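Enquirer: Sequence isn't available, so here's the structure alone:
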C-alpha cells in the first residue's frame with residue numbers, strides 16, 4: 001500500500017470501518033513508514049479535539065438580552081427600558097403605526113374622491129321657473 005492510499009484510508013481507519021484485510025495492509029503501511037504513523041496519530045488527535053469541541057458547543061446559548069437591557073436602564077437613569085414596554089410589546093408596537101398610516105391613506109382617498117364630485121345647488125325644476133303658486 002502506498003502512502004497516498006494509506007492517507008485516503010485515515011478516516012475509515014479512525015472510525016474502524018476497514019475490513020480485516022484492509023486493516024492489516026494499513027497497519028503494515030504504518031509500521032513501515034514512521035512519518036505516516038505520525039501523520040495518522042496527528043489526524044486522530046485532531047479528530048478527537050474537534051469532537052470534544054463540538055460536544056462542548058452543544059450547550060444552548062445564554063440569553064444576554066435581559067442583562068443588557070438592565071444595564072442600559074441603570075446607566076441611562078431609567079430613560080430606556082423603564083417600564084419594560086418594549087420587552088412586553090415586541091412586534092406589537094408597529095400595529096398602531098400601521099393602523100394610523102392606513103387611516104390617513106383612506107382619508108386621502110376620500111378627499112380626492114370628493115374633489116371629483118360636483119353637487120348641484122339648484123334644486124328647483126326648470127319647468128316651474130315662471131309659475132307662482134297660490135294658496136286656495
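Expert: That came in fine, so what should we check first? Computed from a predicted structure; not experimentally measured.
Enquirer: mind checking pLDDT for residue 97?
Expert: Per-residue pLDDT puts residue 97 at 82.
Enquirer: from the chain's centre, how far out does the helix or strand that it is a member of sit?
Expert: Per DSSP states H and E: residue 97 is located in helix 94-115. Relative to the chain's own centre, helix 94-115 is displaced by 31 Å; criterion: C-alpha atoms, centre = their mean, to the nearest Å.
Enquirer: Could you do stretch 70-82 as well?
Expert: A distance of 27 Å separates the centroid of the chain from that of stretch 70-82, by C-alpha atoms, centre = their mean.
Enquirer: do the same with stretch 32-44
Expert: For stretch 32-44, the distance to the chain centre is 44 Å (C-alpha atoms, centre = their mean).
Enquirer: Check stretch 14-26 too.
Expert: Its chain's average C-alpha position is 45 Å from that of stretch 14-26, according to C-alpha atoms, centre = their mean.
Enquirer: And that stretch, end to end?
Expert: Distance across stretch 14-26, first residue to last, is 11 Å (C-alpha to C-alpha, to the nearest Å).
Enquirer: buried residues in that stretch?
Expert: 18, 26 (16 or more other C-beta atoms under 10 Å). Every C-beta, even on glycine, is put in place using the N, C-alpha and C of the backbone.
Enquirer: ok, residues contacting that stretch?
Expert: The set of residues external to stretch 14-26 that reach it, using C-beta atoms under 8 Å, 6 or more residues apart in numbering, is 1, 6, 9, 12, 13, 43, 44, 47.
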